[in-house]
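Participant: Build me a model:
(chains A and B)
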Amino acid sequence: MRIARPLRLLEFRSGSLAPIIVILAVLLVLLTARQPDFLSPPSLMSFLGRSAPIILLAAGQYFVIVSGELDLSVGSLVTAQVVIAARLIDSDPSAGWPVVVLLFAFGIAVGLVNGLVTTRLRVPSFITTLGMFLILVGAVYLWSNGAPKGGLSEEFRRLGRSAFEDVPVLGRIPYALVILLAAAALALVLTRSDFGRTLVAVGGNPRTAELSGVRVWRAKTMAFVLSGLAATLAAVLIGGYSGVSFQAGAGLEFGAITAAVLGGVALGGGRGSVVGAMLGALTLETLFTLMNFYGVSGALKPTVQGAIILFAVAAASFRFPSR
Amino acid sequence: MSGALSLPDRRTPPGVFVALVLTLAIGWLIVTVDGGRLFSLPTTVSLLHVAAGLGLVAVGQTLVVVGGSLDLSVAYVVSLSTLVAAETMAGDDGALLPAIGLTLAVSATIGLVNGLLVTTARINPFIATVGVGLLLKGYLDNGYDGPAGKTAPALVQGLGYQRIGPVPLSFLLLLAVAAAAWFVLARTRFGHHLIAVGGDPEVARLSGVRGSRVLVTAHVLCALCAGLAGVYLASRLGAGAPRVGTEGLYDLESIAAVVLGGTALAGGRGGVAGTVGGVLLLASIDAIFNQLEVDVFFKQVIRGVIIIAAVAVYARRAMRKAS
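Facilitator: Next up is the predicted model:
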């Protein structure tokens, strides 16, 4: 037993990450074949910076999914945050930081409500977060009468679009990438902590977890709060990078969930890693970039995306039959 | 011994009908105080029309959800079906039946693909049907900018606007489809097997149920229902509409209706009658808000709150019954 366990752990880990790494590598090879300077530091840095929001969302979604739930509200939360930021800042440069703090408070609040409704009122998270989606989208439109108002200050937008310039070797490092790396490190620490292990146990078998004294509701609620925090961070970056629009977060929830599943996180909970989820998101972004380079028409993108997701997930599940 | 194959207690009346009666009573009161009439002919007719479209999709959705699966591609199937129907008819009554046949054949094929992806390729239903939805979205976005084709006049006059007293033909179609689905689920061997597979696939397999075949059939039936909804919407609109399914949120709303009707999202429990109740509840809320001339966006917020609250009440009742 003493020897078998670490071995099994190792197997599990490499097993769940191998498919996504292979897919990512293939896509990167295809990409560099078409665009040889893609892997040059400046273009790679800006690519990673651009991908930061969806990677953050996938990491947030990991915590929720591994605990056995689902968060369909993150896309609408991103939209809401961007619209709220624009209206509150209203192009006033001094309003930047207080508004960011407020956005985080709002993100935590939405996560708390999602979590408590799901765990305490026992509403399936699919319904809870779908309801939250309707509420957030409706509320944002209602608040702004159908057209976003105000504007983001340069100060606020800097986080999403600026970079450390003149860095040796790498050229420039986008702030978004630094934020991403810090958040990823934090996420990794969290998954290795007691909380992270508890969450996996809760998702794997809630009854066993409950019987062994875990407060399941508290762990799951924390996961939703983490997802809300990730969405807030993503919203700050997206707002900075691409500006204010009601479409800012549209569809991101499906993107984040797909990324997590692509990275080997099992819907239903209990299996997968946060690194896998983030690699899954990076793979999706690589895929989109690849389609751009190969000139796939914008409208056809979903078709290609759908086909590749189906293929990739099917391939992964063939290698690792369930249970 | 036959626990896996025995049906759940069907004697308990779905709480959704209590909610429906309460909603209509309170709604009637508020609308009357407001100076309007909730049960006037136009309001009732439009309520039943809304229920017919959503209901057709939701009845099909019930079958897959009971089987422990899920179909998020229905919104795109609905859109595609309006186009296939209207373009094939091209305003010619003679082409009516072949067009409907083709529409249903196309939908059934999509359902078959969904089912095979879920069973044979073992892709999680959420991902599989979102993937298929993306495939269809790409096709629709690429090929269509706006309405296309022309529905046969006979279909518009018949299914679209014909009614018996205040009851539209389309609502009678919904009742017929719902009755058929109820019969299939409650009285046939296929139905019993579907419930068993949804309850515990492993136990069902050990009892000799061919889970894959049952689930694929459920997916085909679900897509057929979405195709019928498409034919109905084409008859209402007089043309094919590439975005009618997604704008109507038919994917999420149909699942909301199913869950409101007391069907467990995890599968194995529930029925069609409750779903029809859930659809009527959503349509009634819509009608009441229309009468009160509530802001569209506010309506969406309230709808989100109501869906969550209703399911929470449901979960509470279920908990009390269990203890």
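
Participant: Give me the distance from the helix or strand hosting residue A:253 to the chain's centre.
Facilitator: Assigned by DSSP states H and E, residue A:253 falls within helix A:252-262. On the basis of C-alpha atoms, centre = their mean, to the nearest Å, helix A:252-262 sits 7 Å off its chain's mean C-alpha point.

Participant: Stretch A:263-275 too?
Facilitator: So, by C-alpha atoms, centre = their mean, the centroid of stretch A:263-275 is 13 Å from its chain's centroid.

Participant: Is chain B within reach of that stretch?
Facilitator: Yes. On the criterion C-beta under 8 Å from any C-beta of the partner chain, stretch A:263-275 is in touch with chain B at A:266, A:267, A:268. The way it works is simple: take the backbone N, C-alpha and C, and place the C-beta from them, glycine included.

Participant: The first one: what's it in contact with?
Facilitator: Right, the one you point to is residue A:266. Remark: with contacts taken as C-beta atoms under 8 Å, 6 or more residues apart in numbering or on different chains, residue A:266 is in contact with A:65, A:272, B:124.

Participant: which of these lies closest to residue A:112?
Facilitator: Closest approach to residue A:112 among the contacts of residue A:266 (C-beta to C-beta): residue A:65, at 18.4 Å.

Participant: Tell me which helix or strand the closest one sits in.
Facilitator: Going by DSSP H and E, residue A:65 is in helix A:41-66.

Participant: same for that helix, what does it pack against?
Facilitator: Helices and strands touching helix A:41-66, as assessed by 3 or more C-beta pairs under 8 Å, 6 or more residues apart in numbering or on different chains; DSSP states H and E, comprise helix A:74-89, strand A:163-167, strand A:171-174, helix A:175-192, helix A:194-204, helix A:216-242, helix A:252-262, helix A:274-293.

Participant: angle of that helix against helix A:194-204?
Facilitator: 60 degrees (axes from the mean of the first three to the mean of the last three C-alpha atoms, to 10 degrees).

Participant: which parts of the stretch 101-250 of chain A sit against chain B?
Facilitator: So the stretch 101-250 of chain A meets chain B at A:117, A:121-124, A:126-128, A:130-135, A:137-139, A:141-142, A:146 (C-beta under 8 Å from any C-beta).

Participant: if we go to 6 Å?
Facilitator: By the rule C-beta under 6 Å from any C-beta of the partner chain, the part of the stretch 101-250 of chain A lying against chain B is A:121-124, A:126-128, A:130-131, A:134-135, A:138-139, A:141-142.

Participant: Does whichever strand or helix holds residue B:58 reach chain A?
Facilitator: Assigned by DSSP H and E, residue B:58 falls within helix B:41-66. No. Against chain A, helix B:41-66 shows no contacts by C-beta under 6 Å from any C-beta, the least distance being 10.5 Å.

Participant: Can you point out the buried residues in that helix?
Facilitator: For helix B:41-66, burial by neighbour count (16 or more other C-beta atoms under 10 Å in any protein chain shown) applies to B:43-66.

Participant: Give the burial count for the residue in the stretch 151-300 of chain A positioned nearest to chain B, as a bare number.
Facilitator: Closest approach of the stretch 151-300 of chain A to chain B (C-beta to the nearest C-beta) occurs at residue A:299, with a separation of 3.8 Å. Neighbour count for residue A:299, taken as other C-beta atoms under 10 Å in any protein chain shown: 16.

Participant: Does it belong to a helix, a strand or coil?
Facilitator: Assigned with DSSP: H, G, I helix; E, B strand; the rest coil, residue A:299 falls in the helix class.

Participant: From residue B:243, how far out is residue B:296?
Facilitator: 17 Å (C-beta to C-beta, to the nearest Å).

Participant: Settle it for me: which of those two has more neighbours?
Facilitator: residue B:243 (17 against 12).

Participant: How about that one: what's its closest non-neighbour residue?
Facilitator: Among residues not flanking residue B:243 along the chain, residue B:79 sits closest, at 6.2 Å (C-beta to C-beta, 6 or more residues apart in numbering or on different chains).

Participant: same thing with residue A:212?
Facilitator: The shortest distance from residue A:212 to any non-neighbouring residue, by C-beta to C-beta, 6+ apart, is to residue A:201 (7.9 Å).

Participant: Make sure the one you found is actually in contact with residue A:208.
Facilitator: No. Using C-beta atoms under 6 Å as the test, residue A:201 is too far from residue A:208 to be in contact (7.3 Å).

Participant: picking that back up, tabulate the residues of stretch A:263-275 next to chain B (TSV), appending distance to residue A:180 and pLDDT.
Facilitator: Formatted as TSV, those follow (distance: C-beta to C-beta, whole Å; pLDDT from 0 to 100):
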residue	distance to residue A:180	pLDDT
A:266	24	85
A:267	24	85
A:268	27	83
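
Participant: Output the set of residues of the stretch 101-250 of chain B in proximity to chain A.
Facilitator: Residues of the stretch 101-250 of chain B lying close to chain A by C-beta under 6 Å from any C-beta are B:121-124, B:126-127, B:130-131, B:134-135, B:137-138, B:141-142.

Participant: out of these, which are buried?
Facilitator: The buried subset of those - by 16+ other C-beta under 10 Å - is B:121-124, B:126-127, B:130-131, B:134-135, B:137-138, B:141.

Participant: Inside helices: which ones of the residues you listed?
Facilitator: Mapping those onto helices (DSSP state H) picks out B:126, B:127, B:130, B:131, B:134, B:135, B:137, B:138, B:141.

Participant: pLDDT weak spots in the chain?
Facilitator: Using chain A here. A:1-16, A:316-323 (pLDDT under 70).

Participant: my bad, chain B
Facilitator: B:1-14, B:318-323.

Participant: where do the strands sit along it?
Facilitator: Taking DSSP state E, the strands of chain B run over residues B:163-164, B:167-168.

Participant: neighbouring strands for the first one, and are they parallel or not?
Facilitator: If I follow you right, that is strand B:163-164. Paired with strand B:163-164 in the same sheet, following DSSP bridges, are strand B:167-168 (antiparallel).

Participant: Distance from the chain centre to the partner strand, please.
Facilitator: Taking mean C-alpha positions (C-alpha atoms, centre = their mean), strand B:167-168 and its chain are 18 Å apart.

Participant: can you list contacts of it?
Facilitator: B:48, B:49 (C-beta atoms under 6 Å, 6 or more residues apart in numbering or on different chains).

Participant: Please repeat the previous calculation with a cut-off of 10 Å.
Facilitator: B:44-49, B:51-52, B:159-162, B:174-175, B:232, B:236 (C-beta atoms under 10 Å, 6 or more residues apart in numbering or on different chains).

Participant: Contacts only, for residue A:277.
Facilitator: Taking C-beta under 10 Å, 6+ apart, we find residue A:277 in contact with A:20, A:55, A:57-63, A:65-66, A:187, A:256-257, A:259-265.

Participant: same deal with residue A:93?
Facilitator: Going by C-beta under 10 Å, 6+ apart, residue A:93 touches A:153, A:154, A:155, A:156.

Participant: Which neighbours do residue A:201 and residue A:208 have in common?
Facilitator: residue A:214.

Participant: Spatially, and excluding backbone neighbours, which residue is closest to residue 142.
Facilitator: In the absence of a named chain, this looks at chain A. That would be residue B:297: by C-beta to C-beta, 6+ apart, it lies 3.9 Å from residue A:142.

Participant: my question was about chain B
Facilitator: Using C-beta to C-beta, 6+ apart and skipping the chain neighbours, the partner closest in space to residue B:142 is residue A:299 (3.9 Å).

Participant: Since that was my last question, I'll sign off now.
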